[in-house]
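Engineer: Sequence unavailable; structure follows:
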């Protein structure tokens, strides 16, 4: 089989996240953290003034100040479901002997809403830290978001002895652009980014993850 590894984004790709479509701003909204506090750090990151690590820690400090707990964050995403066809897609890829991973700038708690999460060979994602009472205390930022997602793909491929031409990525937004250009086959699925559409091998308009299978499983 030509493709040996399939990597997925999480928010909006494997999981159907309600508007605004991203886990972090949903938490902000739930905790009543105003954009006047979150937006400057986001702008500083994209302007190259602060690192992703600094951005994450600042954002988490806002959540801590707002009283974030594990239960509250889980409550934000209550009712979140996998995208149509996600479960069948995961099972089909696994049965074909293909390794698969999540490379995402989301948070690890959302994995709780993903059936068959134990089938993933790798999950590269931001990890929130909580104390014994469930209060949010910090974060271990992923090295593999934004342009770093491509590094995440390279890391897994090198460890598994795979060429990048044997690797697939499925994503939906601007932070997926570099990894889409790096993978041998890339999908813009449920895309919110015209640039991602332009650099991806295949654009999937049908919001059913099973649509990627014929492209991956063909000889």
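Structural biologist: That came through fine. Note that the coordinates shown come from a computational prediction; the quantities given were computed from them, not determined experimentally.
Engineer: just the strands in the chain please.
Structural biologist: For the chain, the strands defined by DSSP state E cover 5-8, 15-16, 81-82, 99-107, 122-130, 136-140, 167-171, 185-189, 202-204.
Engineer: Report the buried residues of the first one.
Structural biologist: By 16 or more other Cβ atoms under 10 Å, the buried positions in strand 5-8 come out as 5-8. Backbone N, C-alpha and C define where each C-beta goes, glycine included.
Engineer: which outside residues touch it?
Structural biologist: Residues from elsewhere that reach strand 5-8 (Cβ atoms under 8 Å, 6 or more residues apart in numbering): 14, 93, 98-104, 152-153, 156-157, 160, 162, 166-171, 179, 183, 216.
Engineer: how many other residues sit next to residue 26?
Structural biologist: Using other Cβ atoms under 10 Å, residue 26 has 20 other residues around it.
Engineer: I'd say it and residue 17 touch.
Structural biologist: Yes - between residue 26 and residue 17 there is a contact at 7.2 Å, judged by Cβ atoms under 8 Å.
Engineer: what touches both of these two?
Structural biologist: Counting by Cβ under 8 Å, 6+ apart, the residues touching both residue 26 and residue 17 are residue 77.
Engineer: what sits against the residue positioned nearest the centre of the chain?
Structural biologist: Nearest to the geometric centre of the chain sits residue 104, at 2.6 Å (Cα atoms, centre = their mean). The contact partners of residue 104, by Cβ under 8 Å, 6+ apart, come to 8-11, 124-125, 142, 145.
Engineer: What pLDDT does the model give the residue lying closest to it once chain neighbours are set aside?
Structural biologist: Among residues not flanking residue 104 along the chain, residue 10 sits closest, at 3.9 Å (Cβ to Cβ, 6 or more residues apart in numbering). pLDDT, residue 10: 95.
Engineer: one step back: quick one: which of the buried residues of strand 5-8 is nearest residue 54?
Structural biologist: Using Cβ to Cβ, the shortest approach to residue 54 within the buried residues of strand 5-8 belongs to residue 7, at 25.8 Å.
Engineer: how much space is there between that closest one and residue 185?
Structural biologist: Counting by Cβ to Cβ, to the nearest Å, the gap from residue 7 to residue 185 is 11 Å.
Engineer: go on, residue 137?
Structural biologist: As judged by Cβ to Cβ, residue 137 and residue 185 stand 40 Å apart.
Engineer: Out of these two, name the residue with the larger neighbour count.
Structural biologist: More neighbours surround residue 185 than the other of residue 137 and residue 185, with 20 against 13 (other Cβ under 10 Å).
Engineer: The more buried one: what's it in contact with?
Structural biologist: Contact partners of residue 185, counting by Cβ under 8 Å, 6+ apart, are 3, 167-169, 201-202, 215-216.
Engineer: Thanks a lot, see you next time.
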